[in-house]
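Student: mind folding the following:
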Amino acid sequence: MDPADGIAEAADGIAEAAVGIPVAAGGMPEAVHGMTDAAVGIPVAARGMPEAVHGMTERRGQESPAYPLEHPGRPAAVAWPLRMAGFGRGMMIRRTHVAHAATLLALAFFPACGGKGEGTGGPPSSKPPSPSESGGEHGAVTVREIDLWIQENATVEAPQDLGKTRIEALVPTGGGQWQTIEGTAKADGSVVIPGVPEGPYVLRVGEFEYVYTSARVVDLGVAIGGRKDAPRATVDPTKLVLDITNLAPWQARDDIQLFVPSSGAGQRMFGSGSGAAENWPAVGDTKLDRFTVNWSGLPWGSLIDASKGDVLTVSQLSQQTSASGVPYAIVTRFASFDDITQTDGSTVSKSGAFTSVPSNLSVSLDVPTTKFKSQVAAVNSKAVDQGTFVEIRTRPGNKYAPVGAFATLLTLGIAPGSADMNLGTIPYGNPYPAAWGSFVYVLHFVRVDYTAPGGATPWSDFGVISFDRDVASVGPQPIEPPLSPVQNLEVNGKSAFSDQTGVTRTPRLSWTAPAVGKATHYTVEILKPSGDSFGTFVALLHTKDTQLELPPRILDGVSAFYVRVQAHASEVDITTHPHRSAAGAARADVLSNILVP
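Tutor: Just a heads-up that it's a prediction; the model follows:
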């Protein structure tokens with residue numbers, strides 16, 4: 001796999017499809033074990049997410065370790081991809097639920113998250129809750145979940161039923177003691193927690209998620225790209241076979257991407273080395289001949305239904321070289337099909353012809369990689385640079401930064417150790433509706449290697465510095481990270497960048513604000529050695545403060561752990577909407593050394 005392709009594939013996995021991106025426990029693919037600074041080839045089982053990074057296990061129908069994603073009103077087809085988003089925008093999907101990936105994503109889709117969908121925002125309602133919305137009970141806290149399904153011409157609210165999700169308030173009473181107040185399910189699907197004193201408390205959602213807040217109404221909803229009624233392909237294989245002429249003469253590093261805007265389905269295929277599709281073109285070919293994709297293997301694999309207005313778009317990303325000699329790829333061919341209807345387990349064949357995409361737009365790309373590399377040691381003193389990834393993307397409803405697929409218009413992977421790159425003005429095209437707008441997504445990621453106390457199996461984890469901005473705001477000025485990692489991470493007052501023992505099972509974590517930019521909130525992930533190639537997710541905590549005391553039970557049975565602290569800059573208040581996403585978000589990670597209770 002080419003180094004740039006490896007960076008792109010790993011970045012898309014580490015970034016969109018959970019931010020929050022966003023996974024853990026499990027066997028890291030050999031390509032990840034063999035990862036070098038020059039080639040970060042992380043093969044992806046579900047395309048875009050290293051299976052090991054997710055560390056997921058098939059637990060359909062059970063609650064996610066991080067989020068109560070599966071409800072009667074939220075199809076499992078969408079539930080499992082959401083797991084990835086919050087863990088990182090990236091990153092973290094695939095029929096399982098691990099949150100460790102939440103960190104690296106979105107992803108991406110993760111681009112990308114403050115909990116479920118990197119970042120927080122996307123303009124939730126700002127009106128104050130009415131007495132009925134707040135539960136109508138004195139001292140009560142109301143928790144609800146209203147998902148937003150983002151379509152090209154509509155935004156649909158979908159309340160979810162939290163009745164089967166464990167929700168409670170943990171109220172600090174001093175001296176390291178906590179009062180637990182359980183919530184009561186209501187007929188409308190919300191949960192009311194009675195008798196919660198005014199002031200700070202910790203909202204516990206499920207077994208693994210904690211929100212440090214004072215809010216009396218909390219909405220756990222997430223923004224999702226696509227149709228609420230679009231079922232996922234679950235039968236393996238569910239095949240789509242394409243015969244499309246007028247391909248631009250195929251080059252070794254070209255790529256194909258599929259996108260169904262109305263259903264939120266699609267994925268970049270990441271080239272012939274990825275295994276995401278069969279019958280790739282040979283160099284010089286000018287058509288797709290029986291190009292076959294297993295739709296059930298896509299992270300965003302909602303079945304296409306022409307009767308619902310679904311239109312499959314297929315585009316070719318062709319390699320180019322800038323005037324300064326830097327390789328990148330842009331969309332050069334485009335085809336669309338409005339008469340495809342899939343059923344689970346079926347094989348659908350379609351033929352057609354590509355049209356050329358004019359490069360009638362341009363962007364100035366000046367990427368000072370040294371600005372990113374200067375932050376590597378701030379992630380952890382042992383961190384190893386893994387390179388920088390830049391894309392221009394488009395999708396409907398981007399102000400919400402919804403979880404789901406998107407279309408890539410331009411992609412650039414910069415190998416670690418590269419000098420600052422000023423590509424100058426780059427022409428590109430956009431065959432999708434201009435009304436969608438487009439955004440630049442930038443991700444720099446690093447690797448930290450670990451060995452558990454007394455353990456023989458090392459593993460690796462990743463830290464991310466990422467952000468996105470409207471493409472119109474990218475001018476001749478350099479594209480620099482707007483947010484740096486937190487500083488002075490400590491456990492019980494001692495540096496977390498040294499291995500520690502005896503930290504207790506309710507340690508106090510603290511840090512100081514980033515040196516660059518202004519963080520609006522922080523996400524703390526607790527992870528433990530898995531005995532395999534990746535850390536296992538233990539808990540996810542959201543806070544606006546620069547310190548927190550772990551509630552009891554999180555570290556029960558944990559013999560060693562480490563923490564990832566993500567600084568976020570975003571629009572929405574995570575104390576009231578911890579799972580929302582927003583355009584224009586930024587994130588920067590810190591990873592601790594090994595800590596022993």
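Student: which ones are touching residue 301?
Tutor: Counting by CB atoms under 8 Å, 6 or more residues apart in numbering, residue 301 makes contact with 77, 232-233, 238, 265, 295. Just so you know, the C-beta spots here come from the backbone N, C-alpha and C atoms, and that holds for glycine as well.
Student: could you redo the last one with a cut-off of 7 Å?
Tutor: 232-233, 265, 295 (CB atoms under 7 Å, 6 or more residues apart in numbering).
Student: need the phi and psi values for the closest residue to residue 564 other than its chain neighbours.
Tutor: Of all residues not flanking residue 564 in the chain, residue 525 sits nearest, at 4.3 Å (CB to CB, 6 or more residues apart in numbering). When read as degrees, to the nearest 10, the backbone of residue 525 gives phi -110, psi 130.
Student: I'd guessed residue 525 sits against residue 540; true?
Tutor: Yes. Judged on CB atoms under 7 Å, residue 525 makes contact with residue 540 at a distance of 5.6 Å.
Student: give me the mean pLDDT for stretch 244-260.
Tutor: If you average the pLDDT over stretch 244-260, you get 97.
Student: got the end-to-end distance for it?
Tutor: Terminal residues of stretch 244-260 lie 17 Å apart, using CA to CA, to the nearest Å.
Student: what lies in contact with it?
Tutor: Contacts with stretch 244-260, where a contact means CB under 7 Å, 6+ apart, come from 2, 5, 266-271, 281-288, 293, 304, 310-319, 329, 332-333, 335, 351-354, 405, 407-408.
Student: weed out the non-buried ones from those residues.
Tutor: Buried members of these, scored by 16 or more other CB atoms under 10 Å, are 2, 5, 266-271, 281, 287-288, 293, 304, 310-319, 329, 332-333, 335, 352, 354, 405, 407-408.
Student: ok, residue 498 touching residue 593?
Tutor: Yes. Using CB under 7 Å, residue 498 is in contact with residue 593, at 5.7 Å.
Student: so those two - more neighbours on which side?
Tutor: Between residue 498 and residue 593, counting by other CB atoms under 10 Å, residue 593 is the more crowded of the two (19 against 12).
Student: relative to residue 161, how far out is the residue lying closest to residue 163 once chain neighbours are set aside?
Tutor: Ranked by CB to CB, 6+ apart and with sequence neighbours excluded, the top spatial neighbour of residue 163 is residue 185, at 3.7 Å. Distance of residue 185 to residue 161, computed by CB to CB, to the nearest Å: 8 Å.
Student: looking at the two, which has the bigger crowd around it?
Tutor: Using other CB under 10 Å, the more surrounded residue of residue 185 and residue 161 is residue 161, with 20 against 15.
Student: surely that one forms part of a strand?
Tutor: No. Judged by DSSP: H, G, I helix; E, B strand; the rest coil, residue 161 forms no part of a strand; its state is coil.
Student: spatially nearest residue to it, not counting backbone neighbours?
Tutor: In space, and not counting its chain neighbours, residue 161 is closest to residue 189: 3.9 Å by CB to CB, 6+ apart.
Student: that neighbour touches residue 162, doesn't it?
Tutor: Yes. The pair residue 189 / residue 162 is scored as a contact, 5.9 Å apart, by CB under 7 Å.
Student: and the two? which has more neighbours close in?
Tutor: Counted by other CB under 10 Å, residue 189 and residue 162 do not tie: residue 162 has more neighbours, with 23 against 17.
Student: residue contacts, that one?
Tutor: Neighbours of residue 162 in contact, by CB under 7 Å, 6+ apart: 68, 143, 145, 185, 189-191.
Student: could you break the protein into its assigned domains?
Tutor: Here the domain parsing of the chain from automatic domain parsing is 1-131+226-597, 141-225.
Student: rank those domains by pLDDT, which is bottom?
Tutor: Taking the mean pLDDT of these, domain 1-131+226-597 comes last: a mean of 78.
Student: returning to that earlier point: kindly reformat the contacts of residue 162 as TSV containing distance to residue 484.
Tutor: TSV is the format used below for the contacts of residue 162 (distance: CB to CB, whole Å):
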residue	distance to residue 484
68	33
143	33
145	33
185	42
189	40
190	38
191	37
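Student: give me the neighbour count for residue 182.
Tutor: Neighbourhood size, residue 182 [other CB under 10 Å]: 12.
Student: how about it, phi and psi?
Tutor: Backbone torsions for residue 182, taken as degrees, to the nearest 10, come to phi -80, psi 150.
Student: return the member of the contacts of residue 301 nearest to residue 568.
Tutor: Taking CB to CB as the measure, residue 568 sits nearest to residue 265 out of these, at 27.8 Å.
Student: how about the contacts made by the nearest residue to that closest one once chain neighbours are set aside?
Tutor: Excluding its sequence neighbours, the residue lying closest to residue 265 (CB to CB, 6+ apart) is residue 302, at 4.2 Å. Taking CB under 7 Å, 6+ apart as the contact definition, residue 302 lies against 77, 226, 230-232, 263-265.
Student: can you flag the buried ones in these?
Tutor: Buried among those (16+ other CB under 10 Å): 77, 226, 230-232, 263-265.
Student: and for the residue lying closest to residue 373 once chain neighbours are set aside, the neighbour number?
Tutor: Excluding its sequence neighbours, the residue lying closest to residue 373 (CB to CB, 6+ apart) is residue 385, at 5.8 Å. By other CB under 10 Å, the residues close to residue 385 number 21.
Student: what is the helix or strand containing residue 385 packed up against?
Tutor: Secondary structure assigned from DSSP states H and E places residue 385 in strand 384-394. Other elements packing on strand 384-394 under the criterion 3 or more CB pairs under 7 Å, 6 or more residues apart in numbering; DSSP states H and E are helix 3-15, strand 361-367, helix 369-373, strand 407-414, strand 439-450.
Student: among these, which is the most enclosed?
Tutor: Of all the helices and strands packed on strand 384-394, helix 3-15 has the most neighbours on average by mean count of other CB atoms under 10 Å, namely a mean of 32.
Student: buried set for stretch 539-548?
Tutor: Buried residues in stretch 539-548, counted by 16+ other CB under 10 Å: 539-543, 546, 548.
Student: how long is it end to end?
Tutor: Using CA to CA, the end-to-end distance of stretch 539-548 comes out at 14 Å.
Student: and it, how far from the chain's centre?
Tutor: Mean C-alpha position of stretch 539-548 versus that of the full chain (CA atoms, centre = their mean, to the nearest Å) differs by 19 Å.
Student: do the same with stretch 568-582
Tutor: With CA atoms, centre = their mean as the basis, stretch 568-582 stands 14 Å off its chain's centre.
Student: can you give me the end-to-end span of that stretch?
Tutor: With CA to CA as the measure, stretch 568-582 spans 11 Å from end to end.
Student: one step back: redo the helices and strands packed on strand 384-394 as JSON lines? Include distance to residue 469.
Tutor: Shown next, in JSON lines, are those (distance: least, CB to CB, whole Å):
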{"stretch": "helix 3-15", "distance to residue 469": "15"}
{"stretch": "strand 361-367", "distance to residue 469": "11"}
{"stretch": "helix 369-373", "distance to residue 469": "15"}
{"stretch": "strand 407-414", "distance to residue 469": "14"}
{"stretch": "strand 439-450", "distance to residue 469": "6"}
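Student: for residue 478, which of the ones you listed is the nearest?
Tutor: Of all those, strand 361-367 comes closest under CB to CB, at 4.5 Å.
Student: so what touches the closest one?
Tutor: 388, 390, 392, 414, 421-430, 471, 474-476, 478-479.
Student: ok, of these, which come out buried?
Tutor: For the contacts of strand 361-367, buried by 16+ other CB under 10 Å: 388, 390, 392, 414, 421-423, 426, 428-430, 471, 474, 479.
Student: and the residues you listed, which is closest to residue 139?
Tutor: For these, the nearest to residue 139 is residue 471 (47.5 Å; CB to CB).
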